[in-house]
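*Asks:* here is my input, please return the structure:
(chains A, B and C)
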Amino acid sequence: MMAETKSIERQKNEDSGGQNQLECPVCSSENIRQDSETAELICQKCGTVIEEDMVEESAEPRAFTAEEREKRKRTGSPLTYTKHDRGISTQIGHGGSLSEVAPRKRGQYHRIRRWDRRIAESRSRNLRFALSELQKLVDDLNLPKSVHEESARLYDKAIGQETVKGRKIEKIVASLVLLVARDQRVPRTLREVAEASDIDKRELGKNYRYVARELDLRIIPARPEDFIPRFGSKLDFSGHTQARALNIIEQAREKDLISGRSPEGVVAAALYIASLVEDEKRSQKRIADTIGVTEVTIRKGYQDFVEGLGLEQEVEKAREDQN
DNA sequence: AAGACGAAAGTGGTTGA
DNA sequence: TCAACAACTTTCGTCTT
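*Replies:* Predicted structure coming up:
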């Protein structure tokens, strides 16, 4: 359906990305790599995007919340709210040199504290609980503070629209985290968010659609590529193998082998194939458990991708070399 | 024993009439 | 709105390493 951009030029040296004396603000790992395609700095340990928009491409990041069509509440005050609270996302990563990110978490959350002040003013027990829940989720899932902030903002908005009424706060918060993280290209799987928030996976699956609808958020499917750095490092894959997996996904997309498949399944299959041909083999079981799919799903994707991309010989050769 | 393979049956989501 | 459909899961027996 949608014509994918056929990107011709392909960087060869993905893994020669900058190794700076930079420290991840979330997990303090120094293993940070620059994604050659998106120019984002990504923590290889937890998948946090350190700084985005280095190249100024204001097209997509905001697409998701950009247009809030006013809800015609007969009486209510429709749009007095945030016309666009641009501030948040544009300030991030704008503040200047990278070295400023590293020196301590001190003061790092001052913008979040603004929300704390609001609590004091409104004395909203609801909001307080929601934000502590949010804090816990963001911590557990190692998400960057930009996700934290945007989720808080959206929750506040949800309260204004009364969509929260009668709904479990935890479910709303978890839904927002799922949606925002995905939108900011540091996706977490449904399973991960469900586990971290102690909500039934199925419940959450229904709920986040509802939340998205109520807040007029576009539901964009997670991009398989965005999972590679995090799962790749969880499985101890080299940059080389991860790059290969990215390459497989890209090719698979061009041949339309991806649509209809779950992103997790795609990632799992791509990593498995890459692990074979790059001689860093991992068992199907290990990859399946790490990502949260079954081995059967990996096998299916494996078959379709290998055949569709003509990788038979390469895989075959790799198998021989193992003996 | 561990890993890989694939069949069978059931589930939830998407799609098209 | 309902039925068909593909992807995915669970379970399990078999084969390979």
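*Asks:* only C-alpha atoms for contact and neighbour calcs from this point on.
*Replies:* Fine.
*Asks:* which parts of chain A sit against DNA strand B?
*Replies:* Residues of chain A found near DNA strand B (Cα under 7 Å from any atom of the strand) are A:Arg202, A:Gly205, A:Lys206, A:Arg282, A:Ser283, A:Gln284, A:Lys285, A:Val296, A:Arg299.
*Asks:* so A:Arg191 sits against A:Gly292, correct?
*Replies:* Yes - between A:Arg191 and A:Gly292 a contact is recorded at 7.2 Å, counting by Cα atoms under 8 Å.
*Asks:* low-confidence regions, the stretch 151-300 of chain A specifically.
*Replies:* Residues of the stretch 151-300 of chain A meeting the criterion pLDDT under 70: A:162-166.
*Asks:* quick check: residues of it near DNA strand C?
*Replies:* Near DNA strand C, when you scan the stretch 151-300 of chain A using Cα under 7 Å from any atom of the strand, you find A:260-266, A:292-297, A:300.
*Asks:* A:Arg167 belongs to a helix?
*Replies:* No - A:Arg167 is assigned coil when assessed by DSSP: H, G, I helix; E, B strand; the rest coil, not a helix.
*Asks:* rewinding a little: most neighbours of all the residues of the stretch 151-300 of chain A next to DNA strand C, which one?
*Replies:* Neighbour counts for those, by other Cα atoms under 10 Å, peak at A:Val266, which reaches 27 neighbours.
*Asks:* mind saving the C-alpha coords of whichever helix or strand that residue is part of as CSV?
*Replies:* Here A:Val266 sits within helix A:263-277, counting by DSSP states H and E. Extracted C-alpha coordinates of helix A:263-277, given in CSV (Å, rounded to 0.1, in the frame of the first residue of the first chain):
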residue,chain,number,x,y,z
PRO,A,263,7.2,-5.8,14.6
GLU,A,264,8.5,-8.2,17.3
GLY,A,265,8.2,-11.1,14.9
VAL,A,266,10.1,-9.2,12.3
VAL,A,267,12.9,-8.2,14.7
ALA,A,268,13.2,-11.7,16.0
ALA,A,269,13.5,-13.3,12.6
ALA,A,270,15.9,-10.6,11.3
LEU,A,271,18.2,-11.0,14.3
TYR,A,272,18.1,-14.8,14.0
ILE,A,273,19.1,-14.7,10.4
ALA,A,274,21.8,-12.1,11.0
SER,A,275,23.1,-14.2,13.9
LEU,A,276,23.6,-17.1,11.4
VAL,A,277,25.2,-15.3,8.6
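*Asks:* show me where the stretch 151-300 of chain A has strands.
*Replies:* Using DSSP state E, counting those that start in this stretch, no strands are found in the stretch 151-300 of chain A.
*Asks:* ok so, going back, pipe the residues of the stretch 151-300 of chain A next to DNA strand C into a markdown table and attach distance to A:Ala130 per row.
*Replies:* Listed next are those as a markdown table, based on distance: Cα to Cα, whole Å:
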| residue | distance to A:Ala130 |
| --- | --- |
| A:Gly260 | 34 |
| A:Arg261 | 33 |
| A:Ser262 | 30 |
| A:Pro263 | 29 |
| A:Glu264 | 29 |
| A:Gly265 | 32 |
| A:Val266 | 33 |
| A:Gly292 | 27 |
| A:Val293 | 30 |
| A:Thr294 | 33 |
| A:Glu295 | 37 |
| A:Val296 | 38 |
| A:Thr297 | 36 |
| A:Lys300 | 40 |
